[in-house]
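give me a 3D structure for the following:
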Amino acid sequence: MKQIIKEIPKSLLVGFLCLVAALSFVSVWRLRELSVPVSGQELHAGPYTYVLDAGHGGEDGGATTADGVKESGINLAISLKLDALLHLLGQNTVMVRRDDRAVYDPGSETFSQKKISDLRNRVRLVEQTENAFLISIHQNEFPQAKYSGAQVFYNEIPPAKAFAKRLQSELAEKLDPENHRKSKSATDTVYLMRQIHAPGLLVECGFLSNPQEAERLQQDDYQTKLALVVACSVTASVQEEMQSNESKDNIPVYKLRQ
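Below you'll find the predicted structure:
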């Protein structure tokens, strides 16, 4: 945890500490512009435990860039940063993996057996986590290199659709104004999203088949910005959900974890 926090640019880390302290200004990014309430309002602990799924891993590298960089490593880097940022906000998180490995059971031999076991274990972790909210991090690819842009997919369990819509908008607004993609349901097309009984988001952070976007996605600062937008968007969505559903007097306030 400490190592991940050290890797976050100091300006962004200071910004998040300011957020937790309810200050209104961050030196590099204004968190008010990321739609997170920071002044005149209390931030409250959310009801979810975020299961952070860095897609693929181990033998299953996922998509690759033109020069062979695997999706699995990029997914992990972004997920670890997201974990650190959510943790700073006092949120409960569970990581599916923290290193370059798949999560299949011992005894799985063929690639197919390992893949099936891996997916089932990811589902099992979500199902066994109380008040789980899945955030699965992936990268996209397409035969034609011209396509780019992050896209958020969701399952049909509330409030996933609403969270996805907000996150899709903020990813475009904060990172890529030319991105006109819309959030979409993945319940019928993605095994993990179909099998879990908790709300889930699958964030395709960009296209590794697009050379310019692939280069950005490998940059530490850009990965941190992606994680920051996701963390801020989810936080803001939770705030709105809680304000509409619960009495403020019964909600604990965020506390910075030591």
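
from here on, just use CA atoms for contacts and neighbour counts.
Will do.

any idea which helix is longest in this protein?
Longest helix in the chain, counting residues (DSSP state H): helix 220-245.

for that one, name the packing helices and strands.
If contacts are counted by 3 or more C-alpha pairs under 8 Å, 6 or more residues apart in numbering; DSSP states H and E, helix 220-245 sits against helix 71-88, helix 160-175.

Phe153 is nearest to which of the ones you listed?
If you check each of these against Phe153 by C-alpha to C-alpha, helix 160-175 wins as the nearest, at 6.7 Å.

and the next element down the chain from the lowest-mean-pLDDT helix or strand in the chain?
Lowest mean confidence among the helices and strands of the chain (mean pLDDT, DSSP states H and E): helix 10-20, at a mean of 43. As assigned by DSSP states H and E, the chain's next helix or strand after helix 10-20 is strand 49-54.

run the chain-centre distance for that next one.
In this view, strand 49-54 has its centroid 7 Å away from the chain centroid, taken as C-alpha atoms, centre = their mean, to the nearest Å.

again with stretch 108-117
Centroid separation for stretch 108-117 versus its chain: 26 Å, with C-alpha atoms, centre = their mean.

try stretch 212-222
Averaged C-alpha coordinates place stretch 212-222 at 16 Å from its chain's average position (C-alpha atoms, centre = their mean).

check stretch 187-199 too.
Distance, stretch centre to chain centre, for stretch 187-199: 16 Å (C-alpha atoms, centre = their mean).

which parts of stretch 55-66 are buried?
Going by neighbour count (16 or more other C-alpha atoms under 10 Å), the buried part of stretch 55-66 is 55-57, 60-65.

now that stretch - C-alpha only, PDB.
In PDB, the C-alpha atoms belonging to stretch 55-66 read as follows (Å, rounded to 0.1, in the frame of the first residue of the first chain):
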ATOM      1  CA  GLY A  55      -8.500  -8.100 -16.000                       C
ATOM      2  CA  HIS A  56      -6.400 -11.100 -17.200                       C
ATOM      3  CA  GLY A  57      -3.000 -11.900 -15.700                       C
ATOM      4  CA  GLY A  58      -0.400 -14.600 -15.800                       C
ATOM      5  CA  GLU A  59      -0.500 -16.700 -19.000                       C
ATOM      6  CA  ASP A  60      -3.500 -14.700 -20.100                       C
ATOM      7  CA  GLY A  61      -2.100 -11.400 -21.100                       C
ATOM      8  CA  GLY A  62      -5.200 -10.100 -22.800                       C
ATOM      9  CA  ALA A  63      -4.800  -7.600 -25.700                       C
ATOM     10  CA  THR A  64      -1.400  -6.400 -26.700                       C
ATOM     11  CA  THR A  65       0.100  -3.200 -28.100                       C
ATOM     12  CA  ALA A  66       1.800  -3.300 -31.500                       C
END
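
and for it, what's in contact with it?
Counting contacts by C-alpha atoms under 8 Å, 6 or more residues apart in numbering, the residues outside stretch 55-66 that touch it are 70-73, 75-76, 99-102, 111, 115, 136-141, 208-209, 211, 214.

repeat that with 7 Å
Stretch 55-66 is touched from outside by 70-72, 75, 100-102, 136-138, 141, 208-209, 214, with contacts defined as C-alpha atoms under 7 Å, 6 or more residues apart in numbering.

with stretch 119-126 instead?
Identification of contacts with stretch 119-126 by C-alpha under 7 Å, 6+ apart yields 51, 96, 103-104, 132, 134, 192, 195-196.

got a winner among those for most neighbours?
Of all the contacts of stretch 119-126, the highest neighbour tally under other C-alpha atoms under 10 Å goes to Leu134, namely 29 neighbours.

look at that one and give its secondary structure.
State at Leu134, reduced to three classes by DSSP: H, G, I helix; E, B strand; the rest coil: strand.

fine by me, thanks again.
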